[in-house]
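**Student:** okay, sequence plus prediction incoming.
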Amino acid sequence: MTDQKSDSTPNDGSVDSSTSSNFIRNKIAHDLKENKHGGRVHTRFPPEPNGYLHIGHAKSICLNFTVAAENSGLCNLRFDDTNPEKESQEYVDAIKDNISWLGFQWNGQVRYSSNYFEQLYGFAVQLIESGKAYVCDLSADEAREYRGTLTEAGKNSPNRDRAVAENLDLFQRMRAGEFADGACSLRAKIDMASPNMNMRDPVLYRIRHIEHHQTGTEWCIYPTYDYTHCISDAIEGITHSLCTLEFEDHRPLYDWILHNLSMESLHHASDLDKSDYDYVLPEQTEFAKLKLNYTIVGKRKLKEMVDTHVVDGWDDPRMPTLAGLRRRGFTAAAIRNFCESVGVARSESIVDLGMLEHAIRDDLDKNSPRAMCVLDPLVVVLTNVPADHLETLDMANHPKNEEMGRRSVPFTGRIVIDRSDFEEVPPPGFKRLTAGGEVRLRGAYVIKCDDVVKDDAGNVVELHCSIDLDTLGKKPEGRKVKGVIHWVSESRGVPLQVRLYDRLFNVENPESKDIEDFRDCLNENSLIRLGSCIAEPSIAEQGAATSFQFEREGYYCRDEKESREGKLVFNRTITLRDSW
RNA sequence: UGGGGUGUCGCCAAGUGGUAAGGCACAAGGUUUUGAUCCUUGCAUGCGUUGGUUCGAAUCCAGCCACCCCAGCCA
């Protein structure tokens, strides 16, 4: 196809220091060294469009795309749409959108297994002709009985030795729609006594009189995953077919199907340039799924949470879906870095959520502008400036990156600070404002609390403080003021709603078999709505960023779905690390 | 108790016969107008376990233990 040694590609092949070796990279390097596929690396990400993508899929997406890119290879996007019953165009669109958002570009057009239905049918005919497949009349229940058990061999179907001509006729009539759903199926003739259940004459085609989101009513027989996947890989010239561990037992079947088809016909059906190199069949290799503690990743349960309104939809910011993570304020880069950092191996493991949190903090710390926002306002009246005092302070958008520019922050005679930054009787080690104590207002002056105003019930309603006017941009004289707190002008600040998100579950493994209903371990505080927050005006200016570090609080992003003119809604992506 | 897999620090994970990488977490210092970031240091005489081979074993061999996957006309 193309010159493998093309040096025009930037950053190809070179593994940067943040990537580590894993068994798949090793295998590919080895295959390349042996010149196994003519030096090609071609992978694919093959989702079934029956749900939304989640963080687990991200691992597979990153693996497939990066491993191809590292070797100047290609990665296809193929919808594995062999079961129209559960699939829909809505999912197809969402999945494409998610992959692009993650920053990957698939090779050429989007593929669908259904693109190959005609070819697949032809290969099935080939298997029938060579006596490797037959039409079986057993019902699904009967087939189960005939299959045997894990420890007992199965029995041959009564139709196993049907004549080729009869099978051909029957299969053609299946396609023509002569039979009802489930009346018969096409099965591979392998071994009903195989210790591998997948090899006990697996079903290749089933009858489903149902409309397909891509092929409409053209077909009423649909090929199964096992039959379809390997052939689709072969057609697309896939070299490395990466999938998860539960398909390990399917690999012998993957290979059986390909090896029982003629090499010539497969090569002929493929996208590949027919003369360039020797045709080599694709190979499946399996890796462990990503699991995260405190989170559920099972599609069925995620759907249940959406359907029963435990969450507000597939893009609820608490969901582990890519749509949810995105709305929560996670960046694509953070997710990619996370996927790289968890590695790829064959041992099933549960990754600590802390790793994901680290990845997003790491990215946002470097890239998000700072701003001040008070979540739980307590009014501070500055007693030694005029009531209408207004001053504009100049502050850096980022403490370490001047390129991110500066901003103006209005400072007035009445400001708000966070309630938790004041304690009348401070606990040991408290560095914030106390009655009679001093504290630095971030980017502004040192103030001293002279008076604590309370209501009849004894609640603090207001603080009267005096400013040390000689402390703007310099240290106070003769004493040390340790604490620094954030603040916002009461009159010039902008009101906003903030949503604080936390993990959805309060147990490490909500998918554990010991838990009969995941609803029993939901974290009731996974969402806290704050309605009276106030932030500095820079966050609402024309062209303002959508993601900020609210200093001393955490990273927050504007919720594009619910924010509108005059009504700002921010989601907390993640708190700052807090060693206090 | 059929078959296929996996077991290396609290959590991931490199390592493929030459004397245990790295990240997260954690701990202790330092810098700091964010209790953040950043920097420095510490963190497995040990690689599921018991034997064996070897000058030498996480790596090879044998046994044992634990956990995961498979009996959809789902993927």
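**Tutor:** Yes, it's here.

**Student:** spell out which residues of the stretch 151-300 of chain A are next to RNA strand B.
**Tutor:** Applying Cβ under 7 Å from any atom of the strand, one finds that the stretch 151-300 of chain A approaches RNA strand B through A:151, A:181-182, A:184-185, A:195-198, A:202-203, A:206-207, A:222, A:224-226, A:229, A:245-250, A:288. C-beta here means a position set from N, CA and C on the backbone, and glycine is covered the same way.

**Student:** repeat the analysis, applying 6 Å as the threshold.
**Tutor:** A:151, A:182, A:185, A:195-198, A:203, A:206-207, A:224-225, A:245-246, A:248-249, A:288 (Cβ under 6 Å from any atom of the strand).

**Student:** turn the buried ones among the residues you listed into a named PyMOL selection, would you?
**Tutor:** Selection command for PyMOL covering only the buried members of those, criterion 16 or more other Cβ atoms under 10 Å:
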select buried, chain A and resi 185+198+203+206+207+224+225+288
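
**Student:** just the ones of the residues of the stretch 151-300 of chain A next to RNA strand B in helices?
**Tutor:** Members of those lying in helices (criterion: DSSP state H): residue A:225.

**Student:** how many residues are close by residue A:309?
**Tutor:** Using other Cβ atoms under 10 Å, residue A:309 has 9 neighbouring residues.

**Student:** OK, contacts around it?
**Tutor:** Residues in contact with residue A:309 (Cβ atoms under 8 Å, 6 or more residues apart in numbering): none are found.

**Student:** burial check on residue A:520, number of neighbours?
**Tutor:** Neighbours of residue A:520 (other Cβ under 10 Å): 11.

**Student:** likewise for residue A:495?
**Tutor:** 14.

**Student:** wasn't it part of a strand?
**Tutor:** Yes: Residue A:495 forms part of a strand when assessed by DSSP: H, G, I helix; E, B strand; the rest coil.

**Student:** and the pLDDT at it?
**Tutor:** Per-residue pLDDT puts residue A:495 at 98.

**Student:** same thing with residue A:133?
**Tutor:** Confidence score, pLDDT, at residue A:133: 98.

**Student:** please name the bridge partners of it.
**Tutor:** residue A:188 (DSSP bridges).

**Student:** any idea how far residue A:145 lies from residue A:152?
**Tutor:** With the distance defined as Cβ to Cβ, to the nearest Å, residue A:145 ends up 11 Å from residue A:152.

**Student:** I meant to write residue A:450 there.
**Tutor:** From residue A:450 across to residue A:152, the span is 86 Å (Cβ to Cβ).

**Student:** okay, those two: which has more neighbours?
**Tutor:** A direct count of neighbours by other Cβ under 10 Å for residue A:450 and residue A:152 places residue A:450 higher, at 14 against 9.

**Student:** just checking, the more buried one touches residue A:466?
**Tutor:** Yes: Residue A:450 is in contact with residue A:466 according to Cβ atoms under 8 Å; the separation is 5.7 Å.

**Student:** packing partners of the least confident helix or strand in chain A by mean pLDDT?
**Tutor:** Here the helix or strand of chain A ranked lowest by mean pLDDT, DSSP states H and E is helix A:299-307, holding a mean of 92. The criterion is 3 or more Cβ pairs under 8 Å, 6 or more residues apart in numbering; DSSP states H and E, and there are no helices or strands that helix A:299-307 contacts.

**Student:** contacting residues around it?
**Tutor:** Defining contact as Cβ under 8 Å, 6+ apart, one finds that helix A:299-307 is touched by A:50-52, A:54, A:296, A:310-311, A:313-314, A:316, A:319-321, A:511, A:518.

**Student:** out of these, which end up buried?
**Tutor:** By 16+ other Cβ under 10 Å, these give A:50-52, A:54, A:296, A:310-311, A:314, A:316, A:319-321, A:518 as buried.

**Student:** for those, which one is nearest residue A:271?
**Tutor:** Nearest to residue A:271, judged by Cβ to Cβ, of the buried ones among the contacts of helix A:299-307 is residue A:50 at 25.8 Å.

**Student:** wait, doesn't that closest one sit right on residue A:82?
**Tutor:** No: judged on Cβ under 8 Å, residue A:50 makes no contact with residue A:82 at a distance of 10.8 Å.

**Student:** the nearest residue to residue A:85 once chain neighbours are set aside: neighbouring residues, count only.
**Tutor:** If the residues on either side of it in the chain are set aside, residue A:85 comes closest to residue A:210, at 6.2 Å by Cβ to Cβ, 6 or more residues apart in numbering. For residue A:210, the count of nearby residues is 13 (other Cβ under 10 Å).

**Student:** residues contacting residue A:210?
**Tutor:** Residues near residue A:210 by Cβ under 8 Å, 6+ apart: A:84, A:85, A:220.

**Student:** same question, residue A:318
**Tutor:** By Cβ under 8 Å, 6+ apart, the contact set of residue A:318 is A:311, A:324, A:328, A:501, A:502, A:503, A:504, A:526, A:527.

**Student:** same deal with residue A:185?
**Tutor:** Applying Cβ under 8 Å, 6+ apart to residue A:185 gives the contacts A:135, A:136, A:138, A:143, A:203, A:204, A:205, A:206, A:207.

**Student:** quick one: the residues you listed as CSV, columns for distance to residue A:571 too.
**Tutor:** Listed next are the contacts of residue A:185 as CSV, based on distance: Cβ to Cβ, whole Å:
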residue, distance to residue A:571
A:135, 55
A:136, 54
A:138, 54
A:143, 50
A:203, 46
A:204, 48
A:205, 47
A:206, 44
A:207, 47
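
**Student:** inside strands: which ones of those?
**Tutor:** Applying DSSP state E to the contacts of residue A:185, the entries found in strands are A:135, A:136, A:203, A:204, A:205, A:206, A:207.
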